[in-house]
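Peer 1: what's the 3D shape of this:
(one chain, ligands or ions: 1)
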Amino acid sequence: MAKKTVQVGLLGLGTVGAGVCRLLQMNSEQINRRAGARIEIKKILVRDKKRKREAAVAPQLLTTDPQEILRDPAIDVIIELIGGVQEAHTHITEALRHKKFVITANKDLMATAGADLLALAREKGLNIYYEASVGGGIPLIRPLKYSLGANRIERIMGIINGTTNYILTKMSLEGMDFDTALAEAQAKGFAEQDPANDLEGTDAAYKLCILAGLAFNSRVRFEDIHVQGIGGINQRDVFYARELGFGIKLLAIGEEIAAPAAAAFDPATGAASASEAESDSRSGSAASSGPSTLPGRLALRVHPALLPLTHPLASVLYENNALFVVGNAVGEVMFYGAGAGALPTASSVVADLIDAVRNINHEVENGIMEADFQPKKFVPKEALFSAFYLRLQAKDEPGVFASLATAFGQEGVSLDMILQKRSIAGIAEIVLVTHEVEEKNFNRALGRIQKTPAIKELNSVLRVIGK
Ligand SMILES: NC(=O)c1ccc[n+]([C@@H]2O[C@H](COP(=O)([O-])OP(=O)(O)OC[C@H]3O[C@@H](n4cnc5c(N)ncnc54)[C@H](OP(=O)(O)O)[C@@H]3O)[C@@H](O)[C@H]2O)c1
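Peer 2: Modelled structure (predicted):
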């Protein structure tokens, strides 16, 4: 029989936890109507019961003992908002064992242990909802899982870390240097006091694990992604990029490169033979993916890149996030909005809660498919394709451009643009952009350039996407 009231245990009453409480109070009538039952928070786990909270909650709801929630048979749903991996994993596992549906906003946990936890949930006839784990308030999980389910997704490309996007926007639009932009992001609460995970691309890579898994029906581990952060990006590069018609963004990119039609198919693994697939593969361009029934290989990366100012993602500014998706039926679609924050993230968490309540009252199916995902083959870093931007210092003398063109030409790298920006005391600053090239060829060309006597210093190397 359908429950008239569904009781919920909340683990965590920080930024998102308080946002969830506020949203449940703010829109209670509509939320209950959509859920088909009255939603009631029965207990809330915190570390410190005395701390001042951002939501008005009755003090008797607070507990520091997780078992009061996890073992309470009256609680049907737990919402995990404590963060971190180990403890959250233990609590979610225990909640599933005690027959509770689970909602979480924890990307680190879902990226590292999501498939196993979802398998356990399915075994128990339950579900784990995790819309808020990527992109805060932007619906991304459901569109990839359901709304775009009829497509073969060719490419996903996203700005999925608000901190780095805030810093790069400040550098680009306001001419701020990196350190000042970071300090401002910290002061406004967009960056943690220890921002390493954001700046080094780790946060975006965990989110890409989740998104690429859903887009390409594959298990994706952090180790499968080539990750580079935004450290070392200089104001001069941001300035020159704009002058050339590009913005610099930290991009998370996933592509499925179709296996070539001629590749040998191994019926035991269902995979195309690596050598043939590799020799004919071409990442960096969805256009190269022809129709194929063979499983493709995944090219997954997080790195800063020059992106044409005309690309829809270039207009995603400050702390906002967006995901650009290319499907073989839908074409191009983009999801945009607030990637974090109390109420935007609560918007996703409470939408999950509505689904969970309807599920408890048997009105919707579980729809867990992630537990069946199998790993696909991955494209090695050296075989990825990109165009490149370089900034270097060279002797201001005749023949330097020619020697650069020769060094690149010897490795099959052709130049798209080459500009001399300024000359001080006999040293010229040169900016150049290559055409698209395989990384291993580019790296060989770079080695040659560094040995060229006229080249004094190599300042920056950045990829160029979507040229
Ligand atoms: N903040 C965002 O905008 C955002 C966006 C998307 C996803 N997320 C994810 O949402 C989750 C929560 O983030 P948040 O920003 O809300 O974190 P937060 O502000 O640090 O809040 C964490 C809450 O969990 C409680 N807690 C932590 N460890 C605990 C423990 N061992 N036992 C009992 N209580 C514990 C804390 O209790 P006390 O208050 O007593 O210290 C606090 O209430 C994380 O997984 C995060 O990645 C956050």
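
Peer 1: which parts of this protein sit against the ligand?
Peer 2: Taking CB under 6 Å from any ligand atom as the criterion, the neighbours of the ligand within the chain are 12-17, 45-48, 51, 81-83, 87, 105-107, 132, 136, 340-341, 345. C-betas here are computed from N, CA, C, even on glycine.

Peer 1: So which helix or strand of this protein has the lowest pLDDT on average?
Peer 2: The least trusted helix or strand in the chain, going by mean pLDDT, DSSP states H and E, turns out to be helix 274-280, with a mean of 40.

Peer 1: Which is the succeeding secondary structure element to it?
Peer 2: Tracing the chain past helix 274-280, the next element assigned as helix or strand by DSSP states H and E is strand 297-308.

Peer 1: Could you find the closest non-adjacent residue to Val350?
Peer 2: Spatial nearest neighbour of Val350, chain neighbours left out: Leu23 (5.2 Å); criterion: CB to CB, 6 or more residues apart in numbering.

Peer 1: three-state assignment of the one you found?
Peer 2: Look at Leu23: counting by DSSP: H, G, I helix; E, B strand; the rest coil, its state is helix.

Peer 1: That one: what's it in contact with?
Peer 2: With contacts defined as CB atoms under 8 Å, 6 or more residues apart in numbering, Leu23 is in contact with Ile31, Leu343, Ala346, Ser347, Val350.

Peer 1: pretty sure the first one is in contact with Val350, am I right?
Peer 2: Same thing as Ile31. Yes: under the criterion of CB atoms under 8 Å, Ile31 lies in contact with Val350, with a separation of 6.2 Å.

Peer 1: residue of the stretch 201-350 of the chain with the smallest distance to the ligand?
Peer 2: Using CB to the nearest ligand atom, Ala340 is the residue of the stretch 201-350 of the chain that sits closest to the ligand, at 3.3 Å.

Peer 1: Can you report how many residues neighbour the nearest residue to that residue once chain neighbours are set aside?
Peer 2: The spatially closest residue to Ala340, leaving aside those adjacent along the chain, is Gly136, at 4.4 Å (CB to CB, 6+ apart). For Gly136, the number of neighbouring residues by other CB atoms under 10 Å comes to 28.

Peer 1: pretty sure Gly136 is in a helix, no?
Peer 2: No: with three-state DSSP as the criterion, Gly136 is assigned coil and is not in a helix.

Peer 1: for the helix ranked longest in the chain, packing partners?
Peer 2: Selection of the longest helix in the chain by residue count, based on DSSP state H, yields helix 342-360. Counting contacts by 3 or more CB pairs under 8 Å, 6 or more residues apart in numbering; DSSP states H and E, helix 342-360 is packed against strand 5-11, helix 15-26, helix 28-35, strand 75-80, strand 101-104, strand 128-129.

Peer 1: Okay, now the unreliable bits of this protein?
Peer 2: Scanning the chain for pLDDT under 70 picks out 260-295, 365-366, 467.

Peer 1: Distance check, the residue of it most remote from its centre against Ala454.
Peer 2: For the chain, the residue at maximal distance from the C-alpha centroid (CA atoms, centre = their mean) is Pro398, at 45.5 Å. Taken as CB to CB, to the nearest Å, the spacing of Pro398 relative to Ala454 amounts to 10 Å.

Peer 1: quick revisit: how far away is the residue farthest from the centre of the chain from the ligand?
Peer 2: Counting by CB to the nearest ligand atom, to the nearest Å, the separation of Pro398 from the ligand is 56 Å.

Peer 1: That residue: what secondary structure?
Peer 2: In three-state terms, and counting by three-state DSSP, Pro398 is coil.

Peer 1: could we number from 38 for the rest of this?
Peer 2: Noted, 38 is the first residue going forward, which turns the last one into Pro435.

Peer 1: quick one, what contacts the closest residue in space to Gly284 that isn't next to it in sequence?
Peer 2: Here the nearest residue to Gly284 in space, its sequence neighbours aside, is Ala351; by CB to CB, 6+ apart that works out to 4.4 Å. Listed by CB under 8 Å, 6+ apart, the contact set of Ala351 reads Phe283, Gly284, Lys286, Leu344, Pro345.

Peer 1: what number of residues lie near the last one?
Peer 2: I take that to be Pro345. 15.

Peer 1: Gly503 is in contact with that one, correct?
Peer 2: Yes: applying CB under 8 Å as the test, Pro345 and Gly503 come out as touching, 5.7 Å apart.

Peer 1: And the residue of the stretch 38-187 of the chain that's closest to the ligand?
Peer 2: For the stretch 38-187 of the chain, the nearest residue to the ligand under the criterion CB to the nearest ligand atom is Gly51, separated by 1.8 Å.

Peer 1: Report the contact partners of that residue.
Peer 2: Each residue near Gly51 by CB under 8 Å, 6+ apart is listed here: Leu118, Ile119, Gly120.

Peer 1: Ok, Ala388 next?
Peer 2: Contacts here follow CB under 8 Å, 6+ apart; on that basis Ala388 touches Glu168, Pro176.

Peer 1: can you do 7 Å?
Peer 2: Glu168 (CB atoms under 7 Å, 6 or more residues apart in numbering).

Peer 1: swap in Ile112?
Peer 2: Taking CB under 7 Å, 6+ apart as the criterion, Ile112 is in contact with Gln44, Val45, Gly46, Lys79, Ile106, Lys137.

Peer 1: Around Gly46, how many other residues sit close by?
Peer 2: By the criterion of other CB under 10 Å, Gly46 has 26 neighbours.

Peer 1: The longest helix of the chain: what's the following helix or strand?
Peer 2: strand 422-432.

Peer 1: Could you give the separation of the very next helix or strand once past that following strand from the chain centroid?
Peer 2: Toward the C-terminal end, the helix or strand that comes next after strand 422-432 (DSSP H and E) is helix 437-447. Here helix 437-447 is found 37 Å from its chain centre; the criterion is CA atoms, centre = their mean, to the nearest Å.

Peer 1: May I have helix 437-447 exported as CSV, CA atoms only?
Peer 2: This file holds the C-alpha atoms of helix 437-447, laid out as CSV (Å, rounded to 0.1, in the frame of the first residue of the first chain):
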residue,chain,number,x,y,z
VAL,A,437,63.7,32.0,-36.9
PHE,A,438,60.2,31.5,-38.4
ALA,A,439,61.7,29.2,-41.1
SER,A,440,63.6,27.1,-38.5
LEU,A,441,60.4,26.7,-36.5
ALA,A,442,58.4,25.7,-39.6
THR,A,443,61.2,23.2,-40.5
ALA,A,444,61.2,21.6,-37.0
PHE,A,445,57.5,21.2,-37.1
GLY,A,446,57.4,20.0,-40.8
GLN,A,447,60.0,17.3,-40.1
